[in-house]
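Novice: Sequence below, structure please.
(chains A and B)
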Amino acid sequence: MPQPDPLPLPAPEVLFRVLLVGTFTLHILAMNVLVGGSVLTAVNAVLERLRPQATRAVLLQRAARPLTVSAAVTVTLGVAPLLFVQVLYGPFFFTSSILMAWPWLSVIAFVIAAYAGLYLIELWSRALGPWAVAVRIGSALLFAGVAFLYVNNVTLMLAPDEWRDIADHFRHGLYLPLGQAELFPRYLHFLLASLAIGGLTLLAYGLWVRRHEPDFGDWCLRQGAWWFLVPTALQMAIGPVFLVAQPAFARDEFLAADLLETGVLWAGVASALIAGALVLWTLRSRAPTVPGAAAVGFIVVSVALMSVARDLLRAARTSSHLDVSTLPSETQVGAALLFFVVLVAGLSTVAYMLWLLRRGRPGLADRPHEGPS
Amino acid sequence: MNYPIWDVPLISGGIVIAAVAIVHVFISHFAVGGGIYLVLTERKARRENDEALLGFLRGQSLFFLILTLVAGALTGVGIWFTISLVSPDATSSLLHVFVWIWATEWVFFLVEIISILVYYYGWDRLEPRDHMRVGWIYAGSAWVSLVLITGILAFMLTPGAWTNTHDLHDAFFNATFWPSVVLRTGVAVALGGVYALVTASLLADQGLRERVIRYSALWVRWAFAVIPLAGVWFLFAAPNRARDLPIGGSAVIQIFLILTLAFSLFIFAFTHLGAYWGARRFGLPMALVLLSMAFLVVGTGEWLREAVRKPYVIGNYMYSNSVRTEDVGRLREQGVLGTALWSRVPAVEAGNEEEAGQEVFRLLCSSCHTVAGYNAIRPIVKDWNEAYIDSQLQNLDVLKAVMPPFLGSDAERKALAKWLAGLD
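Specialist: Sure thing, here's the model as predicted:
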């Protein structure tokens, strides 16, 4: 196990953990929309090739820009948790990254390619003709692959007992922890959540747009609801498998042995179940806005609770190797204050710009898009 | 010493960092200079009621958006990935000093990304005044990002008083911080102009094309009034050791300095004579030559910045092979094989000298040298015998300014000499 850095943490551990979990929650929500949305539109593009349908064509056209924007947002929001996980869990994270160096580094190339694909679709979809479907499938697969590599790394960082052996046998950073029991359940857990949240995003869009385009809005709402419900039902099987795949001491903490761990995890599960019930209600209701919006709220709460549970699991599994809560700290008060002041100012600036965009002449921005040529 | 070593045959980890970092620097400086270019040119176009120029800017902003978001932002994340794979100890040190600066920079990055999206998607939607405001927000936040990251990069060369005080203020406002900020701002503005020359050369409207080419060439010219001055300032602020390397201390580094200056001069002359005076004939091929030259100068310049820091990764604090200067005595006494956490050979023993020597090479030398690829060791020791290699190793830092002293025990040094002598 690598030694912690001899320099002290520049703030108490708990502050970094709060920032880590907070920014990770935002990142993972954006990632869910991006990955789920990419898969959902790729599937719809294939269906559109097989059996053209006007509503589907409209959806594919309108989804293009939100996808590129969510890619930008996902990447941006991902930088902060990367920063905080390195400062807190460096000895774990650096080691696992080095052991799978090339697959880990390929994440960058995959994201660039997938992201470029989304821009091809947004700007030159028509010129691509039949290739557009291939580009959409390619982007969706690449994003799903990136998620897989991330799950590999966060799984490997929790297995310090195996590092020595891996380091002796894989000198060139070409290892992947494919044999880890929790790897595939963990990956499926994230992938299903992405599909569900991609679906829920479509449902929310349907609720919004049905005020002006009732038929199209209802079509989106129904399709989104099913994209949410089926993966969420499957999640009820995968989630427990993921939990069972944990080492016994960690698993037990989430099964009544520790009140906090147990409470957070099961409150998260309950929120997701309530969201599921609300989505079913949305499908049947004549006034679906209220249950639909509530479902979105419960899913956000569920993702936040699951992010906390994920952090508690990591703390439980790493503390016997290196307890990061005991790391010495010397707070850089001025710099920390600077960050929080800038954060408030930055978020206000973002809000101001979005307000400007919303206040602008509506409709004009929805004009069909033209490339630079 | 604390982390496993990622063996990258032939090219070494340093080249992997360089490959990602040079592309990132080339795009991210454009992201700063191009942002200033967009908003100032938009102001000019609106004041002069120049619809054609506004049309050009709209196209330019799309190119800008895609390049900076897709390639710029992700290669930035790529630098994070590569430095933590190649120099995890140094990355960890920098994080422990600067995490709040980085976190603050992240907020500016967030504002930058959202503002460029609003700027581009707002062409049809925002009032001209609001659109310009968003442009200014973009340009400002991108430049502050540059300033914050520059503080960290300059610290790696000149940590100055921080080495004793461990105070963030000393670390950030270090000796080369201000000259670096001015130098990088100049480079950013020049790149803003160079990229605009590329897109301008594609314009179909002959009159507009010539106008935009001459106008963009001026950006490069003004930047070049600042860059050499900032460069000289930077050299004066740099420690003697770093200043001596490119002016005779190391032949390779000197060549790179000459190349950097030659490429820069070429860009200046080519922009002036080719683009400004010959705007009519300035087409895409010429613009691409200019862009390639700019890429080369960024590449050699960044290589130079890294090279003059040698033998340190963080000046006076940590050597390029991740050994902290404070640990040197302990390593000399206890040996690197017994100290390094992931060493595969625990100690030099009778009979294992060559194996131990190879492991010492991996631990202490492989962060910069390969056996037979980039910065290869084999050709250097080719005709040397074991005793001569050993005497070189004993005086590494005296014989070569870019090298640290040998950082292992006497037995390890002899084992390394034996292994190196057996290489050819």
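Novice: what about residue B:96, neighbour count?
Specialist: Residues lying near residue B:96 (other C-beta atoms under 10 Å in any protein chain shown) number 21. All C-beta atoms are positioned from the backbone trio N, CA, C, and that covers glycine.
Novice: What strand or helix carries it?
Specialist: Applying DSSP states H and E as the criterion places residue B:96 in helix B:88-121.
Novice: just residue B:149 next, same as before
Specialist: Using DSSP H and E, residue B:149 falls within helix B:128-157.
Novice: how about the strands in chain B?
Specialist: B:312-314, B:318-319 (DSSP state E).
Novice: Around chain A, pick out the residues from the stretch 251-400 of chain B.
Specialist: Counting by C-beta under 8 Å from any C-beta of the partner chain, the stretch 251-400 of chain B comes close to chain A at B:324, B:341-342, B:344.
Novice: From those residues, list the buried ones, please.
Specialist: B:324, B:342, B:344 (16 or more other C-beta atoms under 10 Å in any protein chain shown).
Novice: Need the phi and psi values for the last one.
Specialist: Residue B:344 has phi and psi values of phi -90, psi -10 when expressed as degrees, to the nearest 10.
Novice: Spatially nearest residue to it (excluding sequence neighbours)?
Specialist: residue B:359 (5.7 Å; C-beta to C-beta, 6 or more residues apart in numbering or on different chains).
Novice: and the helix or strand where residue A:354 lies, what other elements does it pack with?
Specialist: Per DSSP H and E, residue A:354 falls inside helix A:333-359. When contacts are defined as 3 or more C-beta pairs under 8 Å, 6 or more residues apart in numbering or on different chains; DSSP states H and E, helix A:333-359 sits against helix B:88-121, helix B:128-157, helix B:168-172.
Novice: redo that, cut-off 10 Å
Specialist: helix A:13-50, helix B:88-121, helix B:128-157, helix B:168-172 (3 or more C-beta pairs under 10 Å, 6 or more residues apart in numbering or on different chains; DSSP states H and E).
Novice: For the stretch 151-300 of chain B, give the residue positioned nearest to chain A.
Specialist: residue B:168 (5.1 Å; C-beta to the nearest C-beta).
Novice: was I right about that residue contacting residue A:10?
Specialist: Yes: assessed by C-beta atoms under 10 Å, residue B:168 is found in contact with residue A:10 at 7.6 Å.
Novice: what residues do those two have in common as contacts?
Specialist: A:332, A:335, B:97-98, B:100-101 (C-beta atoms under 10 Å, 6 or more residues apart in numbering or on different chains).
Novice: Out of those residues, which is nearest to residue B:409?
Specialist: Using C-beta to C-beta, residue B:97 is the member of the shared contacts of residue B:168 and residue A:10 that lies nearest residue B:409, at 30.7 Å.
Novice: pLDDT of stretch A:122-132, averaged?
Specialist: Throughout stretch A:122-132, pLDDT has a mean value of 92.
Novice: residue contacts, the residue nearest to residue B:148 when sequence neighbours are not counted?
Specialist: In space, residue B:148 comes closest to residue B:105 once its chain neighbours are excluded; the distance is 4.1 Å by C-beta to C-beta, 6+ apart. For residue B:105, the contact set (C-beta under 10 Å, 6+ apart) comprises A:79, A:83, A:339, A:342, B:98, B:112, B:141, B:144-149, B:151-152.
Novice: hmm, try it at 8 Å
Specialist: B:144-145, B:148-149 (C-beta atoms under 8 Å, 6 or more residues apart in numbering or on different chains).
Novice: from memory residue B:322 sits against residue B:1, does it?
Specialist: Yes: between residue B:322 and residue B:1 there is a contact under C-beta atoms under 8 Å: 5.7 Å.
Novice: Sounds good, over and out.
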